[in-house]
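K.L.:
show me how the following folds:
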Amino acid sequence: MARESFDKEIQFLRMLVLTSGAYSRQQFADRLGISVHTFDKTTRRLKDIAGTLSQQLPQEQSKQFAQTLRYSYYESADPALLLLFRAKSLKESESQRVSLILASLNEQALTAMELMDVICGGLPSNALLPDEKTIRSDLKYLEEVGVIRKEPGPRPYRYRIQNDFVRELSEEELYDLYDFVDVMANTQVPSVQGYLLRDGLKKHLLRNRAEKHAIEPFLYKYHYYSRILDEAHLFTLLASIRSRRKVKFMYFSPKTEKSYAAKNTNPLFERDAEGKAEKVLPLKVVYDHQYGRWYLLASGREGIRKYRMEGITQIEDAELVPDELFARKIAELEQKMKFSWLIDTGGPVKVRARFFSPESPQPNFVKERVLLQGQWGEIVHEDEQSFIYEITVNGTTEIRPWLRSFGSSCVVLAPAWLRKEMIDEWKEIQSYYESV
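P.N.:
All right, here's what the predicted structure looks like:
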């Protein structure tokens, strides 16, 4: 799947999640900045992907497109958005060849020429038959990613599936491994690779006649679909940071009316896009656990910039920068973020708040939470009824939701202007609950 197409489908699925199907086709297309015809074509493409994935599963597990993309917050436990990651990396012809190669090598070790005979016999009659160079390229790719390995011996080399790890584990050990991967994929970030590993282990267990209830001991409620979609760019950006390389992309801020624009390839039909073309040096990627968002912090012409990952499309590598420049920009970022609650680079503010302890004999869960989540802040005074907490942060925008989440157990003492603003916010919230 082309990168631009994947961008479009990322935004398509993100909107489907956020609107829960409330938009009409025209509204959906307008918000994405595409035509209704392109909207219909994208829908058909997603149906084809979901159908292809369903064909690979046993009959009782296969799902229709509507069931696969079920976005009810109360019914969706498995992140179905992974279907894009499964489908994006290979073209249809490549997918057919790789499937045949893996199926053949699962039974016995074969040479490249033997595999070519098997593949040519297994492809549809109207399909374009691959040559030896193509088969060897596929084998090299599969060997690099660790799926197959060469058998020791003289030429011609024989290849076989590299699945010794799961074959050597007992059934009980496989269940333990699956449970561990399941827990980690659902509770840690990033998670896409964990989900793909979990699915691979699940298929292996099902092929060995495992009971379905044995491989689904846990049921997680998945809250942040956008987190998985944004991981499409995560490893690209991390690779650019490691190699000290700039990146180019089209950015749509949360305030813009559109979230996507097709890449203009014909100058005759070039039009103004609402997105902004950016070329920056990526420095750091930050994940916000509170809202399930990824952020890119980068250095551009205007200094340190912050980007929501969900607004990044059409990302491409650009030129390398000297190590000295990269080190200087990293030092600048660390200085600016010295007191950031998350990514705020505003001026430092000293916040002082009183937290009220629950009545005994209840455990002091308020204090436990403050000590756990309060970062570098400290408790400066404590008595039986309450304690005072102080912290210096860059701005108050990011710490406000945390303070507000304690409800009546927290009172802001200083600065005075923050105390007044918090009072006004609570009064506004109270007005929403006035009797009708």
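K.L.:
the residue nearest to G346 when sequence neighbours are not counted and Y432: what is the separation?
P.N.:
Closest residue to G346 apart from its sequence neighbours, by C-beta to C-beta, 6 or more residues apart in numbering: G395 at 3.3 Å. For every residue, glycine as well, the C-beta is placed using N, CA and C. From G395 across to Y432, the span is 26 Å (C-beta to C-beta, to the nearest Å).
K.L.:
compare these two (neighbour count), which wins?
P.N.:
Higher neighbour count among G395 and Y432: G395, with 16 against 6, using other C-beta atoms under 10 Å.
K.L.:
tell me the spacing between the more buried one and F355.
P.N.:
21 Å.
K.L.:
can you list the residue ranges for strands in the stretch 1-150 of the chain?
P.N.:
148-150 (DSSP state E, counting those that start in this stretch).
K.L.:
which parts of it are helices?
P.N.:
Along the stretch 1-150 of the chain, counting by DSSP state H, counting those that start in this stretch, helices occupy 3-19, 25-32, 36-55, 65-68, 82-88, 92-105, 112-122, 132-144.
K.L.:
now the stretch 201-350 of the chain
P.N.:
225-242, 323-336.
K.L.:
can you redo these as TSV with mean neighbour count and mean pLDDT?
P.N.:
As requested, the helices of the stretch 201-350 of the chain are arranged in TSV below (neighbours: other C-beta atoms under 10 Å; pLDDT from 0 to 100):
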stretch	mean neighbour count	mean pLDDT
helix 225-242	19	88
helix 323-336	13	95
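K.L.:
now do the domain split for this structure, please.
P.N.:
92-162, 226-262+272-336, 348-432 (automatic domain parsing).
K.L.:
would you map the strands across the stretch 201-350 of the chain?
P.N.:
Counting by DSSP E, counting those that start in this stretch, the strands of the stretch 201-350 of the chain are 245-251, 276-288, 293-300, 303-308, 312-320, 348-356.
K.L.:
tell me the angle the third one makes with strand 276-288.
P.N.:
Computed by axes from the mean of the first three to the mean of the last three C-alpha atoms, to 10 degrees, the angle separating strand 293-300 from strand 276-288 equals 130 degrees.
K.L.:
how big is the angle separating strand 293-300 from helix 323-336?
P.N.:
Using the same axes, to 10 degrees: strand 293-300 against helix 323-336 is 130 degrees.
K.L.:
try the first one
P.N.:
Between the axis of strand 245-251 and that of helix 323-336 there is an angle of 60 degrees, by the same axes, to 10 degrees.
K.L.:
report the buried residues of stretch 409-421.
P.N.:
Using 16 or more other C-beta atoms under 10 Å as the test for burial, stretch 409-421 gives 409-412, 418-419.
K.L.:
and if you look at stretch 202-215?
P.N.:
202, 204-205, 210, 215.
K.L.:
now render those as JSON lines, adding distance to R155.
P.N.:
Formatted as JSON lines, these follow (distance: C-beta to C-beta, whole Å):
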{"residue": "K202", "distance to R155": "38"}
{"residue": "H204", "distance to R155": "32"}
{"residue": "L205", "distance to R155": "37"}
{"residue": "A210", "distance to R155": "40"}
{"residue": "I215", "distance to R155": "42"}
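K.L.:
quick check: the farthest pair among those residues?
P.N.:
Across the buried residues of stretch 202-215, the longest distance by C-beta to C-beta is 10.0 Å; it joins H204 and I215.
K.L.:
related to what we said a few turns ago, closest to V183 out of the buried residues of stretch 409-421?
P.N.:
Among these, and counting by C-beta to C-beta, the member closest to V183 is S409, at 30.9 Å.
K.L.:
got the contact list for that closest one?
P.N.:
S409 is in contact with 355-356, 358, 366, counting by C-beta atoms under 8 Å, 6 or more residues apart in numbering.
K.L.:
what of M309?
P.N.:
Listed by C-beta under 8 Å, 6+ apart, the contact partners of M309 are 230, 233-234, 285, 293-296.
K.L.:
list the contacts for L169?
P.N.:
L177.
K.L.:
which pLDDT value belongs to it?
P.N.:
Here the pLDDT value assigned to L169 is 86.
K.L.:
if I look at it, how far off is E216?
P.N.:
Distance from L169 to E216, by C-beta to C-beta: 19 Å.
K.L.:
what about F85, how many residues nearby?
P.N.:
Counted with other C-beta under 10 Å, F85 comes out at 18.
K.L.:
count of neighbours near the nearest residue to it once chain neighbours are set aside?
P.N.:
Distance criterion C-beta to C-beta, 6+ apart; nearest residue to F85, sequence neighbours excluded, is V192 at 5.6 Å. By the criterion of other C-beta under 10 Å, V192 has 22 neighbours.
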